[in-house]
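Colleague: The following block contains a protein sequence and its predicted model.
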Amino acid sequence: MKLRNLAASLPALAVLFCSAVAYAKSPREIADDLANKGRVGGPDTTLHALECYSKAKDNKCPSLAKLDQDTAKLDGDTIRLADRLDAMSKRLGVLASRLAIPGQVAKTLGAIEVQMVAAQKGAKLAEGVPQFAERAKKLDNSITPALANVRAAKAKADAVARRVEPARKAADKFSGYSAKAALGLRGFSTGVLKFEPDVTYCVQFAVLYHDQEPAESCVQGKADGISAKIDPVVLGMDEVMLALLTDYSVNAPALAGLEAFDAELNGLADLQKKAEALQKRLQPICDALKKLEDKMDAGFTVSIPYLVGHYDIKVSMATILKGSAAIESYIEKAVSDAVWKAAKLFGLGKIVDTLTSKANDAINAILGKMNFTPDLSLSLDPLNKIEAKLPALEAVFPGSFTVPQTLDLNKPDFGLPHVPAGLDLRNIGLGFKGVSTGCATGYTRHLTDLTLGCPR
């Protein structure tokens, strides 16, 4: 059986094993109820009940003892299958997470591309600042090849992500169903199989309790009949567990072969870390250059003596960076003739120096600590290596699994594979339920499956 066929059976297992019969009381509680309530008709009933309680546990009739033995084997095989499914789920879950990395890398590289475009735009703007022009030019020049590399890496990461996505989805789906099936198997073990000896104990208690003929033989026959009905189904379900364990074994080499991709997947994880580190290096650069851009429209003010007071002249950063001629031209156009004359009397050189000094202080505060020579390198090697391994990976995961969306638990086989024709799995639950309901009442005579039709 291929992985897809085993996966198809897991939802059925999960539904089946999570629908276990629940029991209300333990055998000791049942015996205590019998002892406390007594049997109608005589004071010796309490002693009789306790005597039956003492004998029933270790003196089961052959049919009930065989049912215990077969159920214990089914329980062991069930736990073995649950353990293997858990191991598969974890392995495939890790694989699914790692196969998501190419998409994460592509997303991170897309964000880096946006950062680099913004940084290059800001660097060109900073080239207009005399004291930072040379450094800004070097930053601009270094971004050009780095941006081309990032765009190429993003394109490759996108391509790899598209190719591994079917395998990622398959691994994720199979991992989820494996985990659910393992959980259901453990629930079936705890809620039904490990409680089965208590159910057979209850039946044996009833047999011993009816110790007078002809009731004794009649109830014993009913007990044997319950075993005869349930035990073949227990054995049949154990064969299903063994078949599913075989299915796992057939696919074990393919699952073990996934280790061949660990080095490439580890390389992708390392690439993602390096891409995130590059993102962090670029962010303060982008922030600083964005502040510089925002500051271009900000105005700086200088006051000149005018009449009996002062007149405030406001000039933008963009104009100041163009030099003294641009500053003087802007002021002349922005103020009245009278104010212009006052400005010239005050000294245009003083005005220009004051505005330039204020602008430089603002620029230094923004760019003074900025790194103009960041490491922008990013290797495409991990993407190249995983790309070369994709055909082998795609051979393990053909792209998707056929998984039934619904199950009909009214069917004799519950929709499970490997169930032979004529084996009705419903009889396990129905058989145990009929007995356990009577046991939970606290009165042996209410075990209708055992006493109905028998002499009192």
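Modeller: Arrived safely, thanks for sending.

Colleague: Low-confidence regions, the stretch 301-450 of the chain specifically.
Modeller: Within the stretch 301-450 of the chain, the segments meeting pLDDT under 70 span 397-410, 415, 429, 433-450.

Colleague: I believe E213 is in a helix; please confirm or correct that.
Modeller: No: E213 is assigned coil when assessed by DSSP: H, G, I helix; E, B strand; the rest coil, not a helix.

Colleague: can you count the residues close to it?
Modeller: By other Cβ atoms under 10 Å, 9 other residues sit near E213. Any C-beta I mention is one placed from the backbone N, CA and C, and that applies to glycine too.

Colleague: A148 now?
Modeller: Residues near A148, counting by other Cβ under 10 Å: 11.

Colleague: Please name the residues that touch it.
Modeller: Going by Cβ atoms under 8 Å, 6 or more residues apart in numbering, A148 touches no other residue.

Colleague: wouldn't A118 be in contact with D287 here?
Modeller: No: with contacts counted by Cβ atoms under 8 Å, A118 stays clear of D287, the gap being 9.8 Å.

Colleague: and those two? which has more neighbours close in?
Modeller: A direct count of neighbours by other Cβ under 10 Å for A118 and D287 places A118 higher, at 17 against 14.

Colleague: The more buried one - nearest residue in space that isn't next to it in sequence?
Modeller: Distances taken as Cβ to Cβ, 6 or more residues apart in numbering place C286 nearest to A118, at 5.2 Å, with adjacent residues excluded.

Colleague: same deal with K194?
Modeller: The spatially closest residue to K194, leaving aside those adjacent along the chain, is D75, at 6.4 Å (Cβ to Cβ, 6+ apart).

Colleague: Isn't that neighbour up against G191?
Modeller: No: with contact defined as Cβ under 8 Å, D75 does not reach G191; the gap is 11.4 Å.

Colleague: Neighbour count for these two, which is higher?
Modeller: The neighbour count for D75 versus G191, taken as other Cβ under 10 Å, is higher for D75 (21 against 16).

Colleague: so which strand or helix has that one?
Modeller: Following DSSP states H and E, one finds D75 within helix 62-99.

Colleague: Also V315?
Modeller: Here V315 is assigned to strand 309-316, by DSSP H and E.

Colleague: Can you list the buried residues in the helix or strand hosting K273?
Modeller: If you go by DSSP H and E, K273 is part of helix 262-295. Across helix 262-295, burial judged by 16 or more other Cβ atoms under 10 Å covers 264-265, 267-269, 271-272, 274-275, 278, 282, 285-286, 288-289, 291-293, 295.

Colleague: D375 in helix, strand or coil?
Modeller: coil.

Colleague: Quick check on it: phi, psi?
Modeller: phi -80, psi 110 (degrees, to the nearest 10).

Colleague: what sits against the residue lying closest to it once chain neighbours are set aside?
Modeller: Spatial nearest neighbour of D375, excluding adjacent residues (Cβ to Cβ, 6+ apart): R281 at 6.7 Å. If you count contacts by Cβ under 8 Å, 6+ apart, R281 has them with 371, 374-375.

Colleague: From L378, how far out is R281?
Modeller: As defined by Cβ to Cβ, to the nearest Å, R281 lies at a distance of 11 Å from L378.

Colleague: One more: L99?
Modeller: Distance from L99 to L378, by Cβ to Cβ: 21 Å.

Colleague: chain center to whatever helix or strand Q120 lives in: distance?
Modeller: In the assignment (DSSP H and E), Q120 maps to helix 101-126. Taking the mean of its C-alpha atoms, helix 101-126 sits 29 Å from the chain's own mean (Cα atoms, centre = their mean, to the nearest Å).

Colleague: between it and helix 62-99, how big is the angle?
Modeller: Counting by axes from the mean of the first three to the mean of the last three Cα atoms, to 10 degrees, helix 101-126 lies at 20 degrees to helix 62-99.

Colleague: Which neighbouring elements make contact with helix 101-126?
Modeller: helix 133-191, helix 262-295, helix 381-396 (3 or more Cβ pairs under 8 Å, 6 or more residues apart in numbering; DSSP states H and E).

Colleague: change it to 7 Å
Modeller: Here helix 101-126 touches helix 133-191, helix 262-295, going by 3 or more Cβ pairs under 7 Å, 6 or more residues apart in numbering; DSSP states H and E.

Colleague: Out of these, which is closest to M88?
Modeller: helix 133-191 (4.9 Å; Cβ to Cβ).

Colleague: Compute the first-to-last residue distance for stretch 374-388.
Modeller: 31 Å (Cα to Cα, to the nearest Å).
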